[in-house]
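>>> Fold the stuff below for me.
(2 chains)
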Amino acid sequence: MQNQNKIIIGLVILIVAFGLLVLYSVTYQREALFKDIFLNQLSRAIMGVIILFLVSNINYRRFFDLSFFIYGASILFLLIVLMTGREILGARRWVEFLGLNFQPSEIAKLGVVLVLARIFSQRQIYEQNYFYGPAIIKEIFLPSIITLVPMGLIFLQPDLGTALLFVPIFLILIFVCGTKIKYVISLITLLLLSVPAGWHFLRPYQKDRLMVFLNPNIDPLGAGYTVIQSKIAVGSGGFLGKGWLAGTQNQLNFLPERHTDFIFSVIGEEWGFLGAMLLLLLYAAFIYYLIQIAFQAKDKFAKYLSIGFIALLASQIIINISMTIGMCPVVGLSLPLVSYGGSSMFTFLVFIAILLNINKKRIVF
Amino acid sequence: MRFKILSLILAFLFLFLFFSLVYIQLIRGGYYYELGERNHIRLIEWDAMRGRIFDRNGKILADSKLTFDIVVIPQDFQDKNLRRLSEILNTDVDKLKKKIKSKYLSPFSPIVIKENASKTEALLIEQEKLDLSGVMVQIQPKRYYPNYSAGANILGYVGLIDRSKITKLKNYGYKIQDIVGYSGIEEYYDISLRGENGGIQVEVDNRGRQKGVLGIRPTIKGKDIVLTVDSRIQNKAAELLADRRGAIVMMQPYTGEILCMVSSPSYDPNIFTVGNSSTEIKRILNDYRSPMLNRAISSSFAPGSVFKIVTAVAALETKKATANTSFVCNGSLRVGNRNFVCWETHGLQNFMQAITHSCNVYFYSIGLLVGPDILTKYAKEFGLGSKTQIDLPSEEKGDIPDRMLRKLKRKEDWYKGDTANFSIGQGEVLITPLQATRLVASVANGGLLLKPYIVEYVANEKTPKDRTSNKLPFKKANWELIKISLRKVVEADSGTAHTLGLDNLKVAGKTGTAQASSGKNHAWFVGFCPADKPKIAFCVFLEYGGSSHNAVLVAEELLQFMSSEGMLN
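Residues are numbered from 1 along each chain as shown, chains lettered A, B, ... in the order given. Below you'll find the predicted structure:
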């Protein structure tokens, strides 16, 4: 299935390249931004492709072995970031390690998916040898704790979006790995019931953002501003868009966060409906091939790992695009492989590399 | 199986995104495009220079003076320049700072920190332009009336457009914040005077900073207007009326051009242009003497004996009287069961004597002979009771009693006493000083009922006038008789206007002392000169001015002034 892999690599490169084109448009006007953001991202993209090839040659079973280590390391970094991390825009998300600045929450995504995949793939082993007690504990309690710990730590940063991202990953994995439907449904019910309680844990600005989602006009210059401007940008692009480098919302700085979370607004404005559809199609094709890998995977770890990643990727794409067009509340989530951000890009590329390896090994077995 | 469900859910969510984008980009695209445009495009309007108003000799009556406003463009202005700026403008830094802060609109829209700056200030700022970034001298046209209150009632004034005007004039391109003319020439000729505002369309970023210019439309200056009035006469007339209530109108008796139209008391139209004179404006609006009323056209009064000209013409034309018709004046005449008094006992009076002495009894008598319906008809032939159609706003049409109308509309009977009052211009007769001027002008020119006008040129083009003045179908001999009689009013020793000397000017005229409701009389004097070859027709009206004698005195001084200036040669 080398062919599949080639197509996936091709799609990844297309998506990343598209992202770079958009980032160029966002930054080209100002030299400082251009250097800090565009050139930085360009070098990361090149590095990322190298990483993609390197990691895709590592036997994915190595990650089975390393899963708890990576998970543990991500928890450690999350603790470090909470205590010492650099504060940017009121949140501690970055940590410096071995001269590298990165976001531990991105590694946590990898860690959680790996560990969950491992636990779910070993479930029979647990049942036969070590694990006693009611099925509910075996099937749900342990994986929940595994997920909740990093989720909580990320929530404290605070980074609501990334924290909540673990919910669909967890639910999808638990659903796909064959858990009895009644448990899945009761879990979802429990989650829904806990929403009102969760409200109290939110910070005021997070509450504002959620309120603003219901009606952006309650605070058009404050919390609602971004959504309104983003909708204007996407909507004003129309069918063909205003053209690359020609979006007024983008070029005249009406869009905040347009190199990260709101990069899709720039695409919508400058590339129009056609551009947005192009990106959606690239993503859809990409996910389609990833699902093929998951479907064809020979062992359960590989399967669950693939599905965990698909869940992560798809959730992040859907939530990000929905929030730029006002269809869901603004939570800080970037657009995979397109938004500016090294940790996120590397994490996604490592995931993809693992999946590529899974696909390769299938033939070897 | 669960795999498929998952795939289906994902497919469904992608479809959701697809349809959301269809909705927001394709269906609502136009709406958001509009919002986006409004986001980043701003208009800065430039006021057009208003056309100037000149008198017949080219003297400026209303000017658009260029004033210097010192402005600050916030996006380019640096606080370190505050000190130097305050030195130049002679204010302190804190005040300046406060002003900039309080007037801030957007980063690119100029903040006026000093209106009407002096030339030196403007020059200094221009010189130091390079150091004082963001400080500019903006040239702003402002209306200026060099004659102040003289002639204000015909010129009008300018101010911000009000709501009623906007709704009326929206279709003519008027917008809020426009400067428009109010009353007088400024209002009547506003469309010609106003010009076209230009502007600049700028592109701004999210903080409103100007990023580029999308388009410029230059302003188009308004058209200049030349009036028929002579400001020398205007100023003298205003000076003579001083603070008295009244009006003076002077007209070229063959063309209808207004040489002078002054209403008093007047006001200084400049106060509406300057920013901070609201108390002054309030004072004027609340003044019980209504200084903003143009008494020459916008207000009508009982004409008193001036109306006897109409009665006389009617009697002659209907052959109820001739030059030789005589009546005896015993000081009063009994009409019905009431005594109608004359102001003196004149004894035997023939037609000419009756006019010369303004004998009421004589005019009661011929008025009763003519009858009210004929009087009404002749009064209307002279254009009384209808507008003269002069090119000024808010003209009043006055009132001429009508026996039939009174019966039909008010169900009131007409008595002989009413006819008596009618014949001497009392009762319900009301005319404007302009109508009075036109009346006497048609005697002067031998029967032409003119259409008065006050604007000669609009932007070097003669204003279209229908020159077909109404020729009144009366006998030439009758006109001559009236003309001679009016000359006698001034010339004869016993004439009511005899005090008016100036024999060389050969003034002819008719006095009027009209009873007004409040007890005090209105003083009228209408006339023309020289009697044989009239150059001007005029009307001096003093509201509650007492005896007509007072009006005659004003006329005398005015004519004397004009004569000494060589205007009557």
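
>>> Quick check, the residue in chain B closest to chain A?
Residue nearest to chain A within chain B: residue B:32 (2.6 Å; CB to the nearest CB). No exception for glycine: its C-beta is placed from N, CA and C like everyone else's.

>>> Backbone dihedrals for that residue, both of them.
Here is the backbone geometry of residue B:32 (degrees, to the nearest 10): phi -70, psi -30.

>>> What is the neighbour count of the closest residue to it other than its chain neighbours?
Among residues not flanking residue B:32 along the chain, residue A:235 sits closest, at 2.6 Å (CB to CB, 6 or more residues apart in numbering or on different chains). Residues lying near residue A:235 (other CB atoms under 10 Å in any protein chain shown) number 29.

>>> if I've got this straight, residue A:235 is in a strand?
No - going by DSSP: H, G, I helix; E, B strand; the rest coil, the assignment for residue A:235 is helix, not a strand.

>>> List the residues that contact it.
A:268, B:24-25, B:28-29, B:31-33, B:35-36 (CB atoms under 8 Å, 6 or more residues apart in numbering or on different chains).

>>> residue contacts, the closest residue in space to residue B:543 that isn't next to it in sequence?
In space, and not counting its chain neighbours, residue B:543 is closest to residue B:245: 4.0 Å by CB to CB, 6+ apart. The neighbours of residue B:245, taking CB under 8 Å, 6+ apart as the test, are B:264-265, B:289, B:295, B:542-545.

>>> Recalculate using a threshold of 7 Å.
Neighbouring residues of residue B:245 by CB atoms under 7 Å, 6 or more residues apart in numbering or on different chains: B:264-265, B:289, B:543-544.

>>> buried subset of the residues you listed?
By neighbour count, with 16 or more other CB atoms under 10 Å in any protein chain shown, those hold B:264-265, B:543 as buried.

>>> Quick one: those as JSON lines, columns for pLDDT too.
Converted to JSON lines, the buried ones among the contacts of residue B:245 look like this (pLDDT from 0 to 100):
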{"residue": "B:264", "pLDDT": "86"}
{"residue": "B:265", "pLDDT": "89"}
{"residue": "B:543", "pLDDT": "92"}
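
>>> burial count for the residue of chain B closest to chain A?
22.

>>> quick one: it and residue A:274, what's the gap?
16 Å (CB to CB, to the nearest Å).

>>> near chain B, which residues of chain A?
By CB under 7 Å from any CB of the partner chain, the residues of chain A that approach chain B are A:172, A:175-176, A:231-232, A:234-239, A:248-249, A:252-254, A:268, A:272-273, A:276, A:280, A:284, A:287, A:291, A:295, A:314, A:318, A:321-322, A:325, A:327.

>>> Would you confirm that residue B:401 contacts residue B:428?
Yes - using CB atoms under 7 Å, residue B:401 is in contact with residue B:428, at 4.2 Å.

>>> Which one of the two is surrounded by more residues?
Neighbours per residue (other CB under 10 Å) separate residue B:401 from residue B:428, with residue B:401 holding more: 20 against 13.

>>> in what helix or strand does that one lie?
Using DSSP states H and E, residue B:401 falls within no helix or strand.

>>> For it, which residues are in contact?
Residue B:401 touches B:376, B:418, B:422, B:427-429, counting by CB under 7 Å, 6+ apart.

>>> what about 6 Å?
B:422, B:428 (CB atoms under 6 Å, 6 or more residues apart in numbering or on different chains).

>>> about what we covered before: using CSV, lay out the contacts of residue A:235 together with distance to residue A:147, pLDDT and secondary structure.
Formatted as CSV, these follow (distance: CB to CB, whole Å; pLDDT from 0 to 100; DSSP: H, G, I helix; E, B strand; the rest coil):
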residue, distance to residue A:147, pLDDT, secondary structure
A:268, 33, 94, helix
B:24, 34, 93, helix
B:25, 36, 93, helix
B:28, 39, 92, coil
B:29, 41, 90, helix
B:31, 42, 91, helix
B:32, 39, 91, helix
B:33, 43, 90, helix
B:35, 41, 87, helix
B:36, 41, 87, helix
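
>>> And the spatially closest residue to residue A:155 that is not a sequence neighbour, which helix or strand is it part of?
In space, and not counting its chain neighbours, residue A:155 is closest to residue A:163: 4.0 Å by CB to CB, 6+ apart. Assessed by DSSP H and E, residue A:163 sits inside helix A:160-176.

>>> Can you name the element that comes right after that helix?
Next along the chain after helix A:160-176, taking DSSP H and E as the criterion, comes helix A:181-199.

>>> for the following helix or strand past that next one, what is the average pLDDT?
Next in sequence after helix A:181-199, counting helices and strands by DSSP H and E, comes helix A:204-214. Summarised as a single mean, pLDDT over helix A:204-214 is 78.

>>> how many degrees apart are helix A:204-214 and helix A:181-199 in direction?
110 degrees (axes from the mean of the first three to the mean of the last three CA atoms, to 10 degrees).

>>> what's the angle from helix A:204-214 to helix A:160-176?
70 degrees.

>>> What residues does residue A:287 make contact with?
Residue A:287 touches residue A:314, counting by CB under 6 Å, 6+ apart.

>>> Mind listing what's buried along the helix or strand harbouring it?
Using DSSP H and E, residue A:287 maps to helix A:263-296. The neighbour-count check on helix A:263-296 (16+ other CB under 10 Å) flags A:263-273, A:275-277, A:279-280, A:282-294 as buried.

>>> Name the next helix or strand downstream of that helix, please.
Next along from helix A:263-296, by DSSP H and E: helix A:300-324.

>>> Report the secondary structure state of residue B:94.
The assignment at residue B:94 comes out as helix when based on three-state DSSP.

>>> Skipping its backbone neighbours, what lies nearest the residue most central in space within chain B in space?
Most central in chain B under CA atoms, centre = their mean is residue B:184, positioned 2.1 Å from the mean C-alpha point. Leaving aside its sequence neighbours, residue B:184 sits nearest to residue B:156 (CB to CB, 6+ apart; 2.8 Å).

>>> tell me the contacts of that neighbour?
Per CB under 6 Å, 6+ apart, neighbours of residue B:156: B:181-187.

>>> any idea how far it is from residue A:307?
83 Å.

>>> same deal with residue B:199?
With CB to CB as the criterion, residue B:199 and residue A:307 are 61 Å apart.

>>> neighbour count winner among the two?
Each of residue B:199 and residue A:307 has its neighbours counted (other CB under 10 Å); residue A:307 has more, 29 against 15.

>>> wait, doesn't the more buried one sit right on residue A:176?
Yes - Residue A:307 is within contact range of residue A:176, at 5.2 Å (criterion: CB atoms under 6 Å).

>>> The longest strand seen in chain B: which residues count as buried?
The residue-count maximum for a strand in chain B (DSSP state E) belongs to strand B:60-72. For strand B:60-72, burial by neighbour count (16+ other CB under 10 Å) applies to B:60-65, B:67-72.
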